[in-house]
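**Student:** The sequence isn't on hand, but the structure is:
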């Protein structure tokens, strides 16, 4: 005979989702499901159904610092590329003028 399906109350589901949201930065969904002895697929389904973003922890200061550092690096690279592009455009303008000057017939 097949296994009897476990039924969970709405309150249990909501509390589980709230707990999972609070623990999300510390534990994986798989770890949370194992700890609570529920199928991972159920936890994912409940997260989709009962998730409240008020319970989501804010980004950690370390994560914010890392993202700001990445942003500064990308901005620096972008400025460097802009400088190279401006130099290349200036060189192209000089070459065009030289071609124009040297392509005129000499008297």
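**Tutor:** Done, it's in. Note that the coordinates shown come from a computational prediction; the quantities given were computed from them, not determined experimentally.

**Student:** Helices of the protein, start to end?
**Tutor:** For the chain, helices defined by DSSP state H occupy the ranges 10-23, 29-36, 40-50, 61-102.

**Student:** For those helices, please prepare a markdown table with the additional fields mean pLDDT.
**Tutor:** Shown next, in a markdown table, are the helices of the chain (pLDDT from 0 to 100):
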| stretch | mean pLDDT |
| --- | --- |
| helix 10-23 | 85 |
| helix 29-36 | 88 |
| helix 40-50 | 87 |
| helix 61-102 | 93 |
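
**Student:** With mean neighbour count added, can I get those helices in JSON lines?
**Tutor:** Every C-beta, even on glycine, is put in place using the N, C-alpha and C of the backbone. Below are those laid out as JSON lines (neighbours: other Cβ atoms under 10 Å):
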{"stretch": "helix 10-23", "mean neighbour count": "16"}
{"stretch": "helix 29-36", "mean neighbour count": "14"}
{"stretch": "helix 40-50", "mean neighbour count": "14"}
{"stretch": "helix 61-102", "mean neighbour count": "10"}
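
**Student:** Kindly provide the distance from residue 79 to residue 65.
**Tutor:** 21 Å (Cβ to Cβ, to the nearest Å).

**Student:** hmm, I was thinking of residue 31
**Tutor:** 26 Å.

**Student:** In the record's domain split, what are the boundaries for this structure?
**Tutor:** Annotated domains of the chain cover 7-57, 61-107 [automatic domain parsing].

**Student:** And the first one, how far out from the chain middle?
**Tutor:** Centroid separation between domain 7-57 and its chain, computed with Cα atoms, centre = their mean, to the nearest Å, is 22 Å.
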